[in-house]
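1. Give me a model of this one.
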Amino acid sequence: MSAPATSIILGYRDREIWRLSACLKSLLAGTVADLEVIVLDYGSTAAYAQETAQLCQALGPRVRYAYAPVLGQPWNRSQALNLGAELASGHLLVFGDIDLVYPGNFIELVAQLAKPGLKVNYRCRYLPPEATSTDYEQLAAAFGQAPLSADTGLGLSILNRADFEKIGGYDERFMIWGIEDIALQYRALQAGIEHLWLDPALACTYHIWHPTAAAGLPKNWYASMWSLYEETRTQPCLRLANWASLAERRLSHGAKPHQTFIINDDVVAHTARFMYGFTAAAPGQVLCLAADRHHLKTHPLIEQANKVLKSVGVSYRLGPKEFQDRLWEPEDRYEAAMLYFLLYNRQHLADFMIESDEKSIRMTVLKK
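-> From the prediction side, this is the model:
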């Protein structure tokens with residue numbers, strides 16, 4: 001069987017199955033059959049992963065399910081979509097959202113507009129909570145004038161595969177979501193790729209309501225990502241190589257870290273030892289930082305740890321100063337510090353993973 005012309009790529013983690021089902025069925029019901037949908041499951045829990053895999057299999061061969069064993073790493077839309085693009089077969093890549101219900105003519109219209117050297121973005125109408133139908137025609141009839149997404153929102157993109165690869169795909173240094181779309185747009189324009197908005201009057205998607213996704217995220221995370229974008233937008237796109245190698249080695253072969261640092265009551269001192277050990281580690285060495293949550297409660301870690309790191313001559317820091325007092329609640333601040341360590345030192349990391357449960361946090365890193 002020949003490769004499909006169009007690949008729709010959806011990032012997913014622990015979302016309601018009915019929501020994903022509505023999205024997939026709307027794509028498969030369209031006027032174009034020559035397509036595939038890649039559902040990249042970025043580390044769902046076992047129950048969700050099993051249910052999602054069963055749904056994708058039931059919908060037939062045009063839906064491909066793939067699981068990324070990221071083991072507690074924070075949501076990274078960039079990496080999820082890049083992984084999906086690597087698996088895709090089509091020469092036209094459509095980056096979507098599982099919250100969307102698509103019109104029947106969507107892929108047909110996209111295929112007519114798309115061409116090499118052109119990046120297309122499309123928009124959606126935001127449904128209210130009382131919208132219970134997932135049938136596109138019913139939604140269009142009842143909510144055809146629902147609020148339209150802004151033309152500054154670049155998250156829904158369509159590119160020729162060659163153009164996507166030319167600009168390096170999504171920059172994976174942007175954790176969670178949001179800024180990766182702006183960075184992709186910047187690099188596309190810098191590479192001479194033209195830009196076009198798909199007219200929503202011709203084909204508009206509908207976004208199924210859900211509570212704000214910002215709940216539970218580090219405070220000011222978006223501002224932090226924006227600062228990182230300002231600092232790095234002229235740099236080459238960062239892709240994390242061997243994204244699952246640590247997980248594969250630990251799960252399949254039981255490989256042990258070269259050094260393990262256990263956090264006890266002296267949180268700052270032991271964290272500083274880990275940072276110093278990471279600085280001194282040779283390329284290819286694996287280090288682990290493990291902490292019992294009991295020792296981390298209400299500890300004013302970040303500011304104190306950075307003072308210690310500075311005093312011993314370590315250049316790494318746990319996070320930008322303006323966010324040190326406003327990351328997460330105190331009991332979660334150490335986990336936030338781990339995330340910022342990964343974020344601001346990705347250029348020194350060949351691989352990483354975070355394992356987290358109610359009792360402990362464990363970060364494992366592979367030095368580049």
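
2. Buried by neighbour count: which residues of the helix or strand where Thr271 lies qualify?
-> In the assignment (DSSP states H and E), Thr271 maps to helix 267-280. Across helix 267-280, burial judged by 16 or more other CB atoms under 10 Å covers Val267, Val268, His270, Thr271, Ala272, Arg273, Phe274, Met275, Tyr276, Gly277, Phe278. (Glycine included, C-beta is placed from N, CA and C.)

3. The stretch 201-350 of the chain: strands as residue ranges?
-> Using DSSP state E, counting those that start in this stretch, the strands of the stretch 201-350 of the chain run over residues 205-207, 259-263, 286-292, 349-356.

4. How about the secondary structure of Thr152?
-> coil (DSSP: H, G, I helix; E, B strand; the rest coil).

5. Leu118 reaches Gly192, doesn't it?
-> No: the pair Leu118 and Gly192 does not pass the contact test of CB atoms under 8 Å, sitting 10.8 Å apart.

6. And the helices in the stretch 51-200 of the chain?
-> With DSSP state H, counting those that start in this stretch applied, the stretch 51-200 of the chain shows helices at 77-87, 106-113, 136-143, 161-166, 179-190, listed in chain order.

7. Could you export those helices as CSV, including mean neighbour count?
-> Converted to CSV, the helices of the stretch 51-200 of the chain look like this (neighbours: other CB atoms under 10 Å):
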stretch, mean neighbour count
helix 77-87, 23
helix 106-113, 18
helix 136-143, 16
helix 161-166, 16
helix 179-190, 20
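
8. which one of those helices lies closest to Ser21?
-> For Ser21, the closest of these is helix 136-143, at 13.8 Å, according to CB to CB.

9. now that closest one against helix 106-113, angle please.
-> 90 degrees (axes from the mean of the first three to the mean of the last three CA atoms, to 10 degrees).

10. Which strands or helices does helix 136-143 pack on?
-> Here helix 136-143 touches strand 205-207, going by 3 or more CB pairs under 8 Å, 6 or more residues apart in numbering; DSSP states H and E.

11. hmm, who's touching the strand it packs on?
-> 97, 99-103, 106, 122-127, 131, 136, 139-140, 143, 146, 149, 156 (CB atoms under 8 Å, 6 or more residues apart in numbering).

12. returning to what we had before: I'd like the buried residues of helix 267-280 laid out as a markdown table, including pLDDT and distance to Ile167.
-> Listed next are the buried residues of helix 267-280 as a markdown table, based on pLDDT from 0 to 100; distance: CB to CB, whole Å:
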| residue | pLDDT | distance to Ile167 |
| --- | --- | --- |
| Val267 | 73 | 42 |
| Val268 | 74 | 42 |
| His270 | 78 | 41 |
| Thr271 | 80 | 37 |
| Ala272 | 81 | 39 |
| Arg273 | 86 | 40 |
| Phe274 | 88 | 35 |
| Met275 | 85 | 34 |
| Tyr276 | 87 | 37 |
| Gly277 | 89 | 36 |
| Phe278 | 90 | 31 |
